[in-house]
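Undergrad: Test case, fold it:
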Amino acid sequence: MSGWPEAPAPRPADPDTRARTHLANERTFLAWLRTGLSLIAVGLAAARFLPLDLVPGIPYVALFSTLLAICGSLMVFYGAIRHRRASREIDHGAYHPSLGPLFAIAIVVGVLGILAVPLIFRLR
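TA: Now for the predicted structure:
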């Protein structure tokens, strides 16, 4: 016995609450899906419409487009994994949010935004 009070066992939620929570989880997954698809679409558009020799000697546009498409794909995969894990945790009444991957994704998308700045200035 450690002297600390034991945490109460999770209580099963009523069916309506569980249904609303699962629907919210699905909406969250759809947001990950939309964001990932948007990054992929922007990557494809950049590859198609930006001049490939925008920065002479450096395949900047190709690298930028590829990074966008890869990050978009990873976001879709991560959203699916997160949805499945959250679904299981909701069913067991023990949901624990994880912030680490969210901060990592925010940093990656922020870096992609910074990488877009030279393209903006070079195109204008």
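Undergrad: Now do the host helix or strand of residue 103: which elements does it pack against?
TA: In this assignment (DSSP states H and E), residue 103 forms part of helix 100-123. Packing partners of helix 100-123 (3 or more Cβ pairs under 8 Å, 6 or more residues apart in numbering; DSSP states H and E): helix 15-49, helix 60-92. C-beta coordinates here come from the backbone N, C-alpha and C atoms, glycine included.
Undergrad: now for stretch 46-62, what's the gap between its first and last residues?
TA: Counting by Cα to Cα, to the nearest Å, you get 8 Å between the two ends of stretch 46-62.
Undergrad: okay, now the residue nearest to residue 74 when sequence neighbours are not counted: neighbour count?
TA: Counting by Cβ to Cβ, 6 or more residues apart in numbering, residue 36 is the residue found nearest to residue 74 once chain neighbours are left out, at 7.6 Å. Per other Cβ atoms under 10 Å, the neighbour tally for residue 36 reads 21.
Undergrad: so what's residue 36 up against?
TA: Residue 36 sits next to 72-76, 79 when contact means Cβ atoms under 8 Å, 6 or more residues apart in numbering.
Undergrad: which residues touch the nearest residue to residue 43 once chain neighbours are set aside?
TA: Nearest residue to residue 43 in three dimensions, chain neighbours excluded: residue 68, at 3.1 Å (Cβ to Cβ, 6+ apart). Residue 68 is in contact with 39-40, 42-43, 46, 112, counting by Cβ under 8 Å, 6+ apart.
Undergrad: Local confidence estimate at residue 68?
TA: Here the pLDDT value assigned to residue 68 is 95.
Undergrad: so how far is residue 42 from it?
TA: 5 Å (Cβ to Cβ, to the nearest Å).
Undergrad: got it, and residue 19?
TA: On the measure of Cβ to Cβ, residue 19 and residue 42 end up 35 Å apart.
Undergrad: can you tell me the helix or strand for residue 52?
TA: In the assignment (DSSP H and E), residue 52 maps to no helix and no strand.
Undergrad: and it, how many neighbours?
TA: 11.
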